[in-house]
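Visitor: what follows is a predicted structure for the sequence shown.
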Amino acid sequence: MKKILLFMLLLIPVGLSAQTRMLSGKVLDESGLPVPGVNIIVEETQKGTITGTDGNFSVEVEEGQTLLFSFIGMEQQRVVYNGQPSLEVTMDESFKSLDEVVVIGYQTVKKADLTGAVSVFKPEQMKNAVVTGGVGDALGSVPGVFSRTEGKPGAEGWIEIRGTKSFGSSKPLYVIDGIAVEGGANRDFNFNDIESVQVLKDASAAAIYGSRAANGVIIITTKSGKKGPMRIEASAKKSFQWLPRYDLTNREQWIELNDMAFENGGYEPANHFDANTNWQDVAFKTGHVDDYNVSFSGGSETSSYFISSNYQTNSGTTIGTESERITLRANTSAHRNFGENVKFRIGENIIVSNYQVDELDTNPIIDVWRMLPTIPVYNEDNPGGYGYGDGSRDVTFGTNPVAKEDLTKTTNQNVRVRGNAFTELEFFENLKYKFNFGFETSFDEHKYLRKEGNWSFNQPWDPSSLNKNKASFTSLVYDNTLEYNNEFGKHSIGAVIGSSFMDISYEQLWGTKNDLLRMSDGSYFEQLNAAQKDPKTGGYRDLERMFSLFGRFNYSYGNRYLLSGTIRRDASSKFGPSYRDGIFPSIAGAWRISNENFFEVSWIDDLKIRANYGVLGSSNIGPWDWVAFINSFPQAIFGANQHIVNGQTQVKLVNEDLKWEELHEFNVGFDATILSNRLELSAEYYKSETRDVLTGMQILMSTGNNGGNPNVNAATLQNTGFEFSATWREVKGDWNYSVNANISSVKNEILELGYGREYFTQWNTQSHVGQPIGEWYLIKMDGLFRSMDEVLAHTHEGNLIQPNAQPGDIRFEDFNNDGMINDSDRQHVGSPWPDLQLGLNAMVAWRGLDLQVQMAGAFGHDVFNGPRSGMDRYDDNSNYRADYDPWAPDNINASDPRPIYQDGRNAIGNQSRWIEDGSYLRVKQMALGYSFSENILGNAIDELRLFVNAQNLITFTKYTGLDPEFRNDNIWERGYDYGAFPNPKSVTIGAQLSF
């Protein structure tokens with residue numbers, strides 16, 4: 001017993017020396033104000049905490065241990081705990097954003113050392129919004145990035161970086177956690193998982209990705225765990241959405257205008273239905289978007305983890321569409337040191353998503369003005385029981401949206417698994433080998449059900465039918481890189497060499513049958529075996545492979561002179577053996593003038609000028625476009641018994657000499673921080689030329705080519721533009737604010753179309769050599785004929801130019817001066833390409849309150865209002881504008897021509913009447929939030945923030961359509977609003993919680 005007591009007494013000093021204490025303290029800024037959200041870590045342990053809104057903290061710590069205090073925008077502080085009962089720490093402001101690390105592809109560099117054009121997007125700018133269409137929904141305020149979205153469930157954001165560079169796809173390359181992915185950060189990607197986004201815009205910055213980078217590169221880094229105890233974060237957002245609406249006529253107004261149109265056309269007024277239907281009330285509704293996100297993260301000295309899950313539903317703002325998304329993401333990493341010179345690291349990042357959407361089967365944005373207010377929604381006399389025009393009363397060929405969405409059903413479901421697994425081995429702190437295996441696989445299921453019934457006038461009867469389509473996609477990427485970094489004296493070198501192999505496979509199988517069996521309640525069996533007639537099947541498979549070798553070096557001397565060079569060699573299966581390889585180099589340099597001894601400008605903290613030149617490739621064709629395909633459909637009858645023999649024939653001519661498109665780009669710019677690092681400035685000027693642009697060569701069908709125009713490398717395109725960005729940050733007492741504004745402009749020009757062509761026409765646009773793509777060329781409206789004298793005065797060499805015109809009709813300009821009005825009178829009336837784009841992000845915070853505003857705009861472009869051109873035609877029945885001001889004998893100063901039914905003289909589609917100024921400035925979002933203080937939350941909760949956010953509520957524009965920011969990614973008709981689904985107005989309320 002004495003020995004035991006003696007042993008316990010000996011342990012007492014040991015226990016006392018290792019005793020942990022609960023240390024309380026406060027973190028203040030330079031002006032003595034509390035700093036919330038400071039991350040505090042007890043080094044070499046898993047202990048840590050975060051300051052509350054009042055700057056207070058408490059943490060377990062032993063005497064002699066070091067506390068690390070870190071916060072974005074402030075200098076890190078290390079404090080050794082010496083047993084003091086409390087601690088007060090002052091953190092200095094640091095606006096040195098040039099010290100930020102930027103991902104540039106297979107490497108990271110400080111922002112200060114960039115020699116190319118790279119924009120960094122902060123996901124915090126969209127923390128108050130619900131993102132449904134992927135990262136494309138969020139990048140509209142980045143200079144040089146043209147982004148468009150649609151408000152319907154399932155629609156994905158569309159992005160174009162620095163203009164149109166090809167006649168094919170302009171989609172940028174997405175790189176997620178170091179792996180180039182085909183799907184991009186699309187609608188099934190959880191935006192809440194993003195840590196940072198870098199946009200590589202010029203050839204020098206993007207050259208490391210070679211042939212896939214001609215349209216720019218978007219690099220996404222997702223969140224990972226950090227050293228410290230488990231951190232739990234949760235957020236819930238609820239959005240209420242509604243669509244803008246047309247100002248359309250009601251029943252009485254419509255009948256008055258319709259009767260006038262019939263009378264002017266020489267017809268007796270129509271018999272009208274008895275209904276008074278507001279089709280916008282029928283088709284539009286208040287949408288609800290729910291978004292819930294939860295994550296768990298943490299780590300130790302040698303490992304880290306991050307697990308997140310997201311659930312999002314979107315009810316849609318119209319009938320017939322909704323979506324649901326579930327995502328789960330997990331990443332872990334661990335490392336071990338083998339002595340002082342060798343470090344091994346391994347990790348993975350896996351994302352699983354399930355996205356299901358009930359697609360629209362019609363376009364309600366068009367249907368609501370095509371249908372007449374006199375037509376009822378339901379009519380038992382029609383097949384299926386829905387209302388639409390008929391031959392004896394109001395006639396319209398519009399679609400009843402309720403009928404179409406009830407009688408057809410289209411669903412798409414996508415299950416996707418993607419991610420990467422990597423290993424790293426570091427040697428002697430200078431060399432690092434990394435193997436990164438990326439994978440992406442998806443299983444897609446499409447189902448289309450067509451029930452019996454009609455939704456429009458004169459629609460032929462169709463049997464019930466069912467189509468099912470299943471597809472699988474697999475993309476595998478194998479990257480090997482060896483990186484070297486070293487500093488000696490005034491020299492700093494960073495280099496990487498590597499190889500990449502990509503293997504893509506896509507396979508599709510489909511089947512369809514008609515005449516489905518029905519159950520006793522009238523519903524349909526939705527299995528192909530339950531259909532009885534006309535079975536059809538089909539399928540195909542696409543394969544694509546690419547092998548690449550690449551290298552890059554970065555050199556700095558004295559932190560003043562920067563040099564970077566990149567080269568990549570790609571071999572793609574999209575081209576024939578003779579043209580498979582492409583080599584894409586770039587060179588860039590920068591001079592940090594502010595680090596020169598002779599530079600003595602006190603108010604300039606950092607100034608760097610840079611220039612670069614590079615070549616990128618593009619393969620804007622399909623995987624088999626260089627291969628001649630045989631069609632197995634033809635049949636012939638032979639022999640005395642006249643038996644049928646299956647044949648084969650080549651339908652489409654192909655070009656085996658297809659080769660890479662090549663983008664040659666020059667970029668010059670400067671970066672500066674001034675006024676004690678509070679103001680950051682950046683500017684770019686660039687000029688790019690895409691050579692050997694792939695385009696379809698028109699060949700007469702008499703040659704036997706009946707499968708479309710074969711691709712040839714024929715055209716040359718050029719883009720020039722500038723970008724300017726300014727950011728101001730400052731802390732004033734309790735106030736903290738920042739403002740970023742940027743402007744950009746890009747002009748495209750056709751330098752050559754190939755095979756002797758000077759221009760070509762696409763609908764209402766023409767594309768001329770020496771001019772931009774898809775300019776408006778229309779017959780110009782020259783007012784209205786107010787009297788018969790004006791009609792008779794509109795002559796050419798004594799002959800009437802418009803002999804059928806009457807007072808109230810449109811006077812057109814005889815542009816070619818041949819005495820008649822026809823398609824040859826088209827002239828340039830506008831451009832769909834904006835002269836200037838604007839982005840603005842502003843934030844102001846006061847104690848627990850914060851206000852965020854994001855704006856975007858485009859100016860100096862013309863758009864074609866497609867819905868208005870339909871409402872104003874009058875030669876075919878539709879609804880009309882409520883403010884239509886028709887010419888009449890007692891209204892000769894009217895704004896609009898007289899309506900005429902079944903007469904096209906005022907309704908020709910290629911006139912300038914519906915060209916409008918498309919300029920706009922939109923408040924994209926405006927959010928107000930409040931973070932509760934630690935006095936209210938206590939010790940259990942680290943942070944609680946409530947907020948409300950308004951999106952798209954305020955737009956300044958002269959455009960009379962629903963949305964001046966409509967999406968049309970067709971380069972030939974970029975400014976044509978065909979009735980695109982508008983961006984909804986929305987209000988979001990939400991909460992963010994962490995502990």
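Guide: Here it is on my side, so go on. These figures come from a predicted structure and were not determined experimentally.

Visitor: helix/strand/coil for the residue lying closest to residue 796 once chain neighbours are set aside?
Guide: Distances taken as C-beta to C-beta, 6 or more residues apart in numbering place residue 819 nearest to residue 796, at 3.6 Å, with adjacent residues excluded. To be clear about C-beta, it is placed using only N, CA and C from the backbone, and glycine gets the same treatment. Classification of residue 819 by DSSP: H, G, I helix; E, B strand; the rest coil places it in coil.

Visitor: burial count for residue 819?
Guide: 13 (other C-beta atoms under 10 Å).

Visitor: what strands flank the helix or strand harbouring residue 444, and is each parallel or antiparallel?
Guide: Using DSSP states H and E, the element containing residue 444 is strand 431-450. Strand 431-450 has the following strand partners under DSSP bridges: strand 408-427 (antiparallel), strand 465-488 (antiparallel).

Visitor: residue 780: which of those strands is closest?
Guide: strand 408-427 (41.5 Å; C-beta to C-beta).

Visitor: quick one: buried residues of that closest one?
Guide: 408-410, 412, 414-416, 418-420, 422, 424-426 (16 or more other C-beta atoms under 10 Å).

Visitor: what's the weakest-modelled helix or strand in the protein?
Guide: helix 2-17 (a mean of 41; mean pLDDT, DSSP states H and E).

Visitor: any low-confidence regions in the stretch 551-700 of the chain?
Guide: 632-633, 700 (pLDDT under 70).

Visitor: over to the stretch 751-900 of the chain?
Guide: Those would be none, if you go by pLDDT under 70 across the stretch 751-900 of the chain.

Visitor: grab the most central residue of this structure for me.
Guide: The residue lying closest to the centre of the chain (C-alpha atoms, centre = their mean) is residue 136, at 2.1 Å.

Visitor: list phi and psi for that one.
Guide: phi -60, psi -20 (degrees, to the nearest 10).

Visitor: what separation do you get for it and residue 323?
Guide: The gap separating residue 136 from residue 323 is 16 Å, by C-beta to C-beta, to the nearest Å.

Visitor: repeat for residue 496
Guide: Residue 496 is 40 Å from residue 323, by C-beta to C-beta.

Visitor: does residue 553 count as helix, strand or coil?
Guide: strand.

Visitor: can you count the residues close to it?
Guide: Using other C-beta under 10 Å, residue 553 has 15 neighbouring residues.

Visitor: tell me what the nearest residue to it once chain neighbours are set aside is bridged to.
Guide: Using C-beta to C-beta, 6+ apart and skipping the chain neighbours, the partner closest in space to residue 553 is residue 495 (4.3 Å). Beta-bridge pairing for residue 495 (DSSP bridges): residue 484, residue 553.

Visitor: kindly report the same for residue 413.
Guide: The partner residues for residue 413, given DSSP bridges, come to residue 356, residue 445.

Visitor: pretty sure it contacts residue 355?
Guide: Yes. Between residue 413 and residue 355 there is a contact at 7.2 Å, judged by C-beta atoms under 8 Å.

Visitor: next, the buried residues of stretch 116-130.
Guide: With burial defined by 16+ other C-beta under 10 Å, the residues of stretch 116-130 counted as buried are 116-121, 123, 125-130.

Visitor: same check on stretch 36-43?
Guide: For stretch 36-43, by 16+ other C-beta under 10 Å, it's 36, 37, 38, 39, 40, 41, 42.

Visitor: for the second one, give its distance to residue 736.
Guide: Here the distance between residue 37 and residue 736 works out to 12 Å (C-beta to C-beta).

Visitor: now do the phi/psi pair for residue 912.
Guide: Torsion angles at residue 912 (phi, psi; degrees, to the nearest 10) stand at phi -80, psi 0.

Visitor: kindly report the same for residue 141.
Guide: Per-residue torsions, residue 141: phi -100, psi 10 (degrees, to the nearest 10).
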